[in-house]
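Q: Build me a structure from this.
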Amino acid sequence: MKQPHALLVASPGLGHIIPVLELGNRLSSVLNVHVTVLAITSGTSSVTETETIHAAAARGTCDIIELPSVEIDHLVEPGATVVTKILAKMRVMKSEVWDAVKSMKKKPTVMIVDLFGTGLLSIVEVGVMKKYVYIPSHAWFLALMVYLPVLDKVVQGEYVEIKEPMKIPSCKPIGPKELLDTMLDRSDQQYLECVQSGLEIPMSDGVLVNTWEELQRNILTAFREDGELSRVIKVPVYPIGPIVRTNGHVDKPYSIFEWLDKQRERSVVYVCLGSGGKLSFKQTMELAWGLELSGQRFLWVLRSPTSYLGACSSGDDQVSSSLPEGFLDRMRGVGLVVTEWAPQVEILSHGSIGGFLSHCGWSSVLESLTKGIPILAWPLYAEQWMNATLLTEEIGVAIRTSELPSKKVIGREEVAFLVNKIIAEEDGRKIRSKAEKVRVSSERAWTHDGSSHNSLFEWARQCRLLH
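A: The predicted model follows:
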């Protein structure tokens, strides 16, 4: 019998390509299916994006085809957001994607697109391939996306002006601190595109979501049982998480790990705001002063201003000049500031890491939770505001700033208070205990008879990927 073939389509940008590549690795290794990843590239000279694709290709678990995105300047307004541009690129690439599919010698029987690729679902002819959507985020985010077209019809005015949190069936209501940044202006093209994506998800044959049963049981149950939420999404939802990057090989001696090896167990706060995380000069200064004021050990991956798609704009000198005068000298031995790429999964795996000051991108969240590391939530954009609320109020593995860092500069005193709380105080130990329980449940989900393992095989049977 021929080996089944699954096609995965990844939208431009590291934050979209990496989760799809990891899903491909999981399908290949667990189900023993032939996987082709169609990576639609940004069209820019993003070295990081290219290196990531080439590194994934070298692993050999998936075939990877790069497909440059088409020009869409005539389809979007000047100054359009990155989200708008990505969605527009994906929608106009139907013929290019279908041509790539037809040119494959081994025809795929299943196509999986990410959230930005839902416009491609209509290219699949009935009976040719099963079509699925992969949500590399959590179940609450999926619920909001499929319910957004309903909110669009029933809510009057701008969401930001509504005083009462908006209700979503079987979920925590969406308040001002949870709104996606794509929802802040209903006249913006990116909002209209997101509403359209919410309508397109139920056009698939099902949805794969990067969470697991024990983490979000109530919402996942609501997707299955007869109710308003299941009537909106209509198709099966398969929780198959956590799918995260695994530990890779790190050559030693390596300065970061040499430094970490000298620190006490669970004594270091790891600070990293992702490839797209931007801080103002003032906020960078306050964060630095706060880390110093806390007296705690820290490892800070401090990057130059970076675009959402991962293209760095400057080097180490500008990064260093954004710190208080004499900071690096005063912190020598106490903290380590890294201005180049750092292996995050391996860092979070180190025994000296006691907390993670994170932008709360879902990939980073899962990398932290699967290592039992509590989070100091510092959400900046996209669904990160939702993630911060989920982590603090629902799962109980994080603390957060008093205001959204995207709205207000967080002062040094608050930074110091939060760092001390998560590393040294009793509240931090309680949160760490909860994070450890989540780590155990994440591992259990992928044991032979675990919830995510069973969910993946149930999906594979439905789309006839099993031999």
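
Q: Make sure Lys130 is actually in contact with Asp205.
A: Yes. Assessed by CB atoms under 8 Å, Lys130 is found in contact with Asp205 at 4.9 Å. From N, CA and C alone the C-beta is placed, and that goes for glycine too.

Q: which residues are common contacts for these two?
A: 462-463 (CB atoms under 8 Å, 6 or more residues apart in numbering).

Q: so where do the helices sit in the stretch 51-200 of the chain?
A: For the stretch 51-200 of the chain, the helices defined by DSSP state H, counting those that start in this stretch occupy 82-91, 94-102, 139-154, 189-200.

Q: What residues sit buried inside the shortest one?
A: In this case it means helix 94-102. 97, 100-101 (16 or more other CB atoms under 10 Å).

Q: same deal with the longest one?
A: Judged by neighbour count using 16+ other CB under 10 Å, the buried positions of helix 139-154 are 139-149, 151-152.

Q: just stretch 64-80 next, same as before
A: 64-65, 67, 69, 72, 76, 80.

Q: okay, how far is it across it, tip to tip?
A: End-to-end span of stretch 64-80 (CA to CA, to the nearest Å): 29 Å.

Q: so where's the stretch 351-467 of the chain shaky on pLDDT?
A: Scanning the stretch 351-467 of the chain for pLDDT under 70 picks out the ranges 467.

Q: quick one, strands of it?
A: Taking DSSP state E, counting those that start in this stretch, the strands of the stretch 351-467 of the chain run over residues 353-358, 375-377, 398-400.

Q: With mean pLDDT and distance to Asn210 added, can I get the helices of the stretch 51-200 of the chain in a markdown table?
A: Output for these, formatted as a markdown table (pLDDT from 0 to 100; distance: least, CB to CB, whole Å):
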| stretch | mean pLDDT | distance to Asn210 |
| --- | --- | --- |
| helix 82-91 | 89 | 19 |
| helix 94-102 | 92 | 23 |
| helix 139-154 | 97 | 9 |
| helix 189-200 | 94 | 17 |
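
Q: Please dump those helices into JSON lines; it should also carry distance to Ile40 for every row.
A: Below are those laid out as JSON lines (distance: least, CB to CB, whole Å):
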{"stretch": "helix 82-91", "distance to Ile40": "7"}
{"stretch": "helix 94-102", "distance to Ile40": "8"}
{"stretch": "helix 139-154", "distance to Ile40": "20"}
{"stretch": "helix 189-200", "distance to Ile40": "16"}
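
Q: Ok, which of those comes nearest Gly354?
A: Of all the helices of the stretch 51-200 of the chain, it is helix 139-154 that lies closest to Gly354, at 27.1 Å by CB to CB.

Q: packing partners for the closest one?
A: With contacts taken as 3 or more CB pairs under 8 Å, 6 or more residues apart in numbering; DSSP states H and E, helix 139-154 sits against strand 130-135, helix 189-200, strand 207-209, helix 217-224, helix 228-233, strand 237-239, helix 384-389.

Q: Skipping its backbone neighbours, what lies nearest Lys434 in space?
A: Leaving aside its sequence neighbours, Lys434 sits nearest to Gly396 (CB to CB, 6 or more residues apart in numbering; 4.8 Å).

Q: Touching, that neighbour and Arg432? I think so.
A: No. Gly396 is not in contact with Arg432 according to CB under 8 Å; the separation is 11.0 Å.

Q: rewinding a little: any chance of the strands of the stretch 351-467 of the chain in JSON lines with distance to Ala288 as columns?
A: Rendered in JSON lines, the data for the strands of the stretch 351-467 of the chain read as follows (distance: least, CB to CB, whole Å):
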{"stretch": "strand 353-358", "distance to Ala288": "12"}
{"stretch": "strand 375-377", "distance to Ala288": "15"}
{"stretch": "strand 398-400", "distance to Ala288": "20"}
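
Q: Save these as JSON lines, and put in distance to Leu8 and mean neighbour count too.
A: Below are the strands of the stretch 351-467 of the chain laid out as JSON lines (distance: least, CB to CB, whole Å; neighbours: other CB atoms under 10 Å):
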{"stretch": "strand 353-358", "distance to Leu8": "26", "mean neighbour count": "26"}
{"stretch": "strand 375-377", "distance to Leu8": "29", "mean neighbour count": "25"}
{"stretch": "strand 398-400", "distance to Leu8": "30", "mean neighbour count": "23"}
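
Q: closest to Gly428 out of those strands?
A: Per CB to CB, nearest to Gly428 of the strands of the stretch 351-467 of the chain: strand 353-358, 7.0 Å.

Q: Show me the contact partners of the closest one.
A: Contacts for strand 353-358 (CB under 8 Å, 6+ apart): 260, 265-274, 299, 347-348, 364-365, 368, 371, 373-378, 419, 422-423, 428, 432.

Q: Which helix runs longest in this structure?
A: Ranked by residue count and defined by DSSP state H, the top helix of the chain is helix 426-445.

Q: Got the phi and psi for Val345?
A: Dihedral pair for Val345: phi -60, psi -40, per degrees, to the nearest 10.

Q: So what's the residue count around Glu22?
A: 20 (other CB atoms under 10 Å).

Q: same thing with the one 4 residues further on?
A: Summarising burial for Arg26: neighbours were counted as other CB under 10 Å, giving 19.

Q: what sits against it?
A: With CB under 8 Å, 6+ apart, Arg26 has these contacts: 240, 243, 456.
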